[in-house]
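1. this is the structure alone, sequence omitted:
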């Protein structure tokens, strides 16, 4: 695995772990917290997009990597139509697995 890929994975993992701690009940009602969670989700998606561009095979071991990248695109370009409950659902259902898979890749 290339050094840049490892760094992008580490960046995604750091952001994902922060989201896991920040996305407490009611986070959507706190504007600053919501913006922080959204920004961290963008970082995760951007990190995976960079991996896709440079060493795409690594993403074979990341479930729904294309959906994570797609979420990043919605957060960046569709900021006015963000659905906080859909974000919460993604955080609850997918984030733990994403964290585990990235940790495994980083070994």
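-> Good, I have the coordinates. Predicted, not measured: the structure shown is a model, and the values here were computed from it. Numbers count the residues shown, from 1 in each chain.
2. going forward, measure contacts and count neighbours with C-alpha atoms only.
-> Noted.
3. quickly find the element holding the spatially most central residue of the chain.
-> Closest residue to the average C-alpha location of the chain: residue 44 at 3.2 Å, with C-alpha atoms, centre = their mean. Using DSSP states H and E, the element containing residue 44 is helix 31-55.
4. which stretch of helix or strand covers residue 104?
-> helix 84-106.
5. so residue 82 touches residue 76, yeah?
-> No: between residue 82 and residue 76 there is no contact under C-alpha atoms under 8 Å: 9.8 Å.
6. picking that back up, now for the helix holding residue 104, which elements pack on it?
-> helix 3-22 (3 or more C-alpha pairs under 8 Å, 6 or more residues apart in numbering; DSSP states H and E).
7. picking up where we left off before, for the helix holding residue 104, which positions count as buried?
-> 87-88, 91, 95, 98-99, 101-102, 105 (16 or more other C-alpha atoms under 10 Å).
8. distance to residue 72 and pLDDT for those residues - can I get that in CSV?
-> Formatted as CSV, the buried residues of helix 84-106 follow (distance: C-alpha to C-alpha, whole Å; pLDDT from 0 to 100):
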residue, distance to residue 72, pLDDT
87, 11, 90
88, 14, 91
91, 13, 94
95, 14, 96
98, 15, 98
99, 17, 98
101, 19, 98
102, 17, 98
105, 21, 97
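9. generate a markdown table for these, with distance to residue 69 as supplementary columns.
-> A markdown table is the format used below for the buried residues of helix 84-106 (distance: C-alpha to C-alpha, whole Å):
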| residue | distance to residue 69 |
| --- | --- |
| 87 | 13 |
| 88 | 16 |
| 91 | 14 |
| 95 | 13 |
| 98 | 13 |
| 99 | 15 |
| 101 | 16 |
| 102 | 15 |
| 105 | 18 |
